[in-house]
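>>> Structure, please.
(chains A and B, ligands or ions: 2)
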Amino acid sequence: MHIVVCIKQVPATLDVRVDPVTHNLIREGTESTINSFDAHALEEALRLCERFGGKVSVISMGPPQVKDALRKALAMGADEAYLLCDRALGGADTLATAYTLAKGIKRLLPPYDLILCGRHAVDADTGQVGPMLAEELGLPQVTMVKKLECDGKSAVAWRESAEGTAVWEVPLPAVITVGSEINTPRYPKPIGIMRAAKKPLTVWTAQDLDVDEDKIGLKGSPTRVARLFSPERVSHVEMLSGDPEVAAATLVRKLKGNKLLQVQGGC
Amino acid sequence: MQDIWVVAETNCGVLAGGTLELWGKARSLAQSCDGTVTAVLLGADVAPLAAQLAAYGADTVLLAQDPELAQYRTLPYTAVLTELIGARKPAIVLLGATSQGRDLAPRVAGRLRTGLTADCLELILDRDGLLVQTKPSYGDNVMVDIVIPEHRPQMATVRPHVFPLPEKQEGRSAKVEEVSVELEASDLTTRVREIIVEEQQASKLEEADVIVAGGRGMGSRENFALLEKLAHALGGVVGATRPPVDEGWIDAAYQIGQSGKTVAPKLFIACGISGAVQHTVGIEKSKVIVAINKDASAPIFNFATYGIVGDVRDVIPALLQELGASE
Ligand SMILES: Cc1cc2nc3c(=O)[nH]c(=O)nc-3n(C[C@H](O)[C@H](O)[C@H](O)COP(=O)(O)OP(=O)(O)OC[C@H]3O[C@@H](n4cnc5c(N)ncnc54)[C@H](O)[C@@H]3O)c2cc1C
Ligand SMILES: Nc1ncnc2c1ncn2[C@@H]1O[C@H](COP(=O)(O)O)[C@@H](O)[C@H]1O
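Ligands and ions are numbered 1, 2, ... in the order given. This is a model prediction of the structure:
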């Protein structure tokens, strides 16, 4: 099998504020990491390849420092990595990102059996790139998958649904986005880190990708950020004092007053 | 005049609770621009639901019925919706930010090559009639206003339980228009093998009115079971921070926060939770937060509406007693 995993590098901490004067993001610390759901996607790809044989390619679009995330993916066990990196790709929204990733995957990595993404990126939190990528590639999709079985020709995917779980069957190739329930990602071992240094990490520019200039970067993005701001958060806590019994009684009275209690269990 | 569409979500033939608020929001947007509200209803035998959509505020109901649409699947739903949008060109298309809406909306936006904003918390029309979509990012730490200046329709998914449920106006009528459904074989390659209905299910967390969540401060798996009792007594669902998941006291699906679920209940009770940002990003939209923690300086109290400084092993049993629930 050839499995492609889309990886996004995100800030290690989400403790981010907006400067009220400049409206720029103030980040605590500058460390970055692989988007947590993408690590689950990579883990799933590695397990499938351990069972069926084949290779795992990881691909990312972003600035040069994303190489760190790709190196880590190689250390976890991916076979090869691709970084789509060009100033012209900057400012991309989910549509332009999906288009560019699709170009990378389509032109340079076929044939592939499965494309795995995270269910969403924890910074922008959209979960749109996976489905938009599936559309660009003309493949079926299953999103928010918490369990996956695969025989190389088709996949059975347990996805989150309003009722609980929906079990879908899809022919391969397909795009599947995964949640954290699916597995526990491995940590890179020292031997993996050593091997990673020798694995191929290829960087492609917009030119290498043969993209339509109108569909990449800011120009290819239908959405525009009009304003960034911090949500108001003022502490209004009312402390309920006394012994546990007294505090509990006060709380129940308050919640009843707020019409928040429909007590079920009971006398 | 703008035509505002809302895609109705059904599950097993019933309108999804968390998306009904969209009709109220669409109505108020329509009022501010003298526009109309159109509901798109897809399914196999869903015609009887049209009257409910009218009562919630739709002027027109576009009814797309086909046996192949009985259960939600991405590709046939995308085919029908993109066809309708392409032909009728609404200004705005809204869907619920549910497991269905967040699967369908990006596929449709991708096919139409238009803009889509995920998980919106607010929607308004600016002076030029452009839809300003407010979405959270970096957990809920930063808010972003997004506009789609040149592409149509402007699409958004909207987080459930953020807007008030509109008053149901029984007897309000809508024009119901049956549309034809044409599907290709390539739209039907995915099959729904089974729907597993889960009672105390983790995916109910996002819909729950009451959540009783526990953190490392619960101390043990046995103490964690106390939360089940409290949740049961309050008609709610149990949730957790990451440490209890790591300890194996509860399944990972119940984790709330940055790498778990985002919830918005009416009542959230945090038991033995410190209030780390990776957790609180997932609970900020809760209406009332109660924090029980033995450390008076725990950050969770900054988020809480009501705080109790005390040991969960004393306070929770006292609460159960007060609620008349046997321990
Ligand atoms: C990339 C990343 C992603 C993460 N994602 C998530 C996520 O999605 N969700 C999440 O929850 N965390 C997440 N975390 C972890 C997060 O940073 C915190 O470690 C976690 O939320 C802390 O959980 P806690 O409050 O249960 O435990 P602690 O921080 O250990 O707090 C326990 C609290 O219980 C109190 N306590 C102890 N005993 C008692 C008692 N007997 N009675 C009353 N109170 C008591 C203590 O005073 C303390 O305040 C993530 C971390 C990282 C780095
Ligand atoms: N720049 C990117 N490079 C590679 N993969 C990406 C990128 N952006 C998003 N993805 C993938 O798409 C998923 C969803 O991202 P998003 O739609 O931004 O929430 C992520 O978990 C990644 O798997």
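>>> hmm, stretch B:144-155 touching chain A?
Yes - Stretch B:144-155 is in contact with chain A by Cβ under 8 Å from any Cβ of the partner chain, via B:144-151. To be clear about C-beta, it is placed using only N, CA and C from the backbone, and glycine gets the same treatment.
>>> Most neighbours among the residues you listed, which one?
Neighbour count (other Cβ atoms under 10 Å in any protein chain shown) singles out B:Ile148 as the most crowded of the residues of stretch B:144-155 next to chain A, with 25 neighbours.
>>> sorry, back to before: tell me which two in the residues of stretch B:144-155 next to chain A are the farthest apart.
The largest distance within these, taken as Cβ to Cβ, falls between B:Val144 and B:Glu150 and amounts to 18.7 Å.
>>> got a list of what the most centrally placed residue in chain B touches?
Relative to the mean C-alpha position of chain B, the nearest C-alpha, by Cα atoms, centre = their mean, is the one of B:Pro160, at 2.9 Å. Neighbouring residues of B:Pro160 by Cβ atoms under 8 Å, 6 or more residues apart in numbering or on different chains: B:17-19, B:21, B:96-98, B:206-207, B:264.
>>> quick one: the lowest-mean-pLDDT helix or strand in chain B near chain A?
In chain B, no helix or strand scores lower on mean pLDDT, DSSP states H and E than helix B:277-280, which sits at a mean of 88. Yes - applying Cβ under 8 Å from any Cβ, one finds that helix B:277-280 is in contact with chain A at B:277-278.
>>> Residues in contact with that helix: which ones?
A:13-15, B:139, B:141, B:215, B:241-242, B:256-259, B:273, B:299-300, B:303.
>>> hmm, 7 Å instead?
Contact partners of helix B:277-280, identified using Cβ atoms under 7 Å, 6 or more residues apart in numbering or on different chains, comprise A:14-15, B:139, B:241, B:256-258, B:273, B:303.
>>> Show me chain A divided up by domain.
Per automatic domain parsing, the structural domains of chain A span A:2-215, A:236-267.
>>> Chain B too?
Per the record, chain B has its domains at B:3-187, B:201-322, by automatic domain parsing.
>>> For the ones you listed, state which one has the densest average packing.
Ranked by mean neighbour count, the domains of chain B are led by domain B:201-322 with a mean of 22 (mean count of other Cβ atoms under 10 Å in any protein chain shown).
>>> helix or strand for A:Glu50, which one?
Assigned by DSSP states H and E, A:Glu50 falls within helix A:36-52.
>>> what distance separates that helix from the centre of its chain?
14 Å (Cα atoms, centre = their mean, to the nearest Å).
>>> Describe which strands the helix or strand following that helix pairs with in its sheet and in which direction.
Toward the C-terminus, helix A:36-52 is succeeded by strand A:55-61 as the next helix or strand (DSSP H and E). Partner strands and pairing direction for strand A:55-61 (DSSP bridges) are strand A:2-6 (parallel), strand A:80-84 (parallel).
>>> what angle do the helix or strand following the last one and strand A:80-84 make?
What it means is strand A:80-84. Past strand A:80-84, further along toward the C-terminus, the next helix or strand under DSSP H and E is helix A:94-108. Here helix A:94-108 runs at an angle of 130 degrees relative to strand A:80-84 (axes from the mean of the first three to the mean of the last three Cα atoms, to 10 degrees).
>>> quick one on the thing from earlier: tell me which of the contacts of B:Pro160 has the lowest pLDDT.
On pLDDT alone, B:Gly18 ranks lowest of the contacts of B:Pro160, at 72.
>>> Tell me the secondary structure at the nearest residue to it once chain neighbours are set aside.
In space, B:Gly18 comes closest to B:Pro160 once its chain neighbours are excluded; the distance is 3.0 Å by Cβ to Cβ, 6 or more residues apart in numbering or on different chains. Applying DSSP: H, G, I helix; E, B strand; the rest coil to B:Pro160 yields a three-state assignment of coil.
>>> Which residue is it, in the stretch 1-150 of chain A, that comes closest to ligand 2?
Nearest residue of the stretch 1-150 of chain A to ligand 2, counting by Cβ to the nearest ligand atom: A:Gly118, 2.5 Å away.
>>> Find me the pLDDT at the residue lying closest to that residue once chain neighbours are set aside, would you?
Distances taken as Cβ to Cβ, 6+ apart put A:Phe37 closest to A:Gly118, at 2.8 Å, once the chain neighbours are dropped. At A:Phe37, the pLDDT value in this model is 96.
>>> Chain B contacts on the stretch 1-150 of chain A?
For the stretch 1-150 of chain A, the residues found near chain B under the criterion Cβ under 7 Å from any Cβ of the partner chain are A:14-18, A:25, A:36, A:94-95, A:98, A:122-128, A:131-132, A:134-136, A:140-141, A:143-144.
>>> Please determine how far B:Arg216 is located from B:Leu230.
17 Å (Cβ to Cβ, to the nearest Å).
>>> Quickly check: the helix or strand in which A:Leu255 is found near ligand 1 or not.
Counting by DSSP H and E, the element that carries A:Leu255 is helix A:244-257. No - taking Cβ under 6 Å from any ligand atom as the criterion, helix A:244-257 and ligand 1 are apart, separated by no less than 10.5 Å.
>>> Dump that helix to PDB, restricted to CA.
Coordinates of each C-alpha in helix A:244-257 appear next as PDB, following Å, rounded to 0.1, in the frame of the first residue of the first chain:
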ATOM      1  CA  PRO A 244     -19.600  20.700  52.100                       C
ATOM      2  CA  GLU A 245     -23.200  20.100  53.100                       C
ATOM      3  CA  VAL A 246     -23.900  23.900  53.300                       C
ATOM      4  CA  ALA A 247     -22.100  24.700  50.100                       C
ATOM      5  CA  ALA A 248     -23.900  21.800  48.300                       C
ATOM      6  CA  ALA A 249     -27.300  23.100  49.500                       C
ATOM      7  CA  THR A 250     -26.500  26.600  48.400                       C
ATOM      8  CA  LEU A 251     -25.500  25.300  45.000                       C
ATOM      9  CA  VAL A 252     -28.600  23.300  44.500                       C
ATOM     10  CA  ARG A 253     -30.700  26.300  45.500                       C
ATOM     11  CA  LYS A 254     -28.900  28.500  43.000                       C
ATOM     12  CA  LEU A 255     -29.100  26.000  40.200                       C
ATOM     13  CA  LYS A 256     -32.800  25.600  40.800                       C
ATOM     14  CA  GLY A 257     -33.200  29.400  40.800                       C
END
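>>> Name the residues of it that come out as buried.
Buried positions in helix A:244-257, judged by neighbour count with 16 or more other Cβ atoms under 10 Å in any protein chain shown: A:244, A:247-252, A:254-255.
>>> from those, which is closest to B:Tyr72?
Where the buried residues of helix A:244-257 are concerned, and distances follow Cβ to Cβ, B:Tyr72 has its nearest neighbour in A:Leu255, at 36.2 Å.
>>> what sits against the closest one?
For A:Leu255, counting by Cβ under 7 Å, 6+ apart, the contacting residues are A:261, B:267.
>>> just the helices in chain B please.
Secondary structure of chain B by DSSP state H: the helices cover B:21-33, B:50-56, B:74-88, B:101-112, B:221-234, B:242-247, B:277-280, B:312-322.
>>> okay, those helices in CSV with distance to A:Leu89 next?
Written out in CSV, the entries for the helices of chain B read as follows (distance: least, Cβ to Cβ, whole Å):
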stretch, distance to A:Leu89
helix B:21-33, 34
helix B:50-56, 42
helix B:74-88, 27
helix B:101-112, 18
helix B:221-234, 47
helix B:242-247, 34
helix B:277-280, 30
helix B:312-322, 50
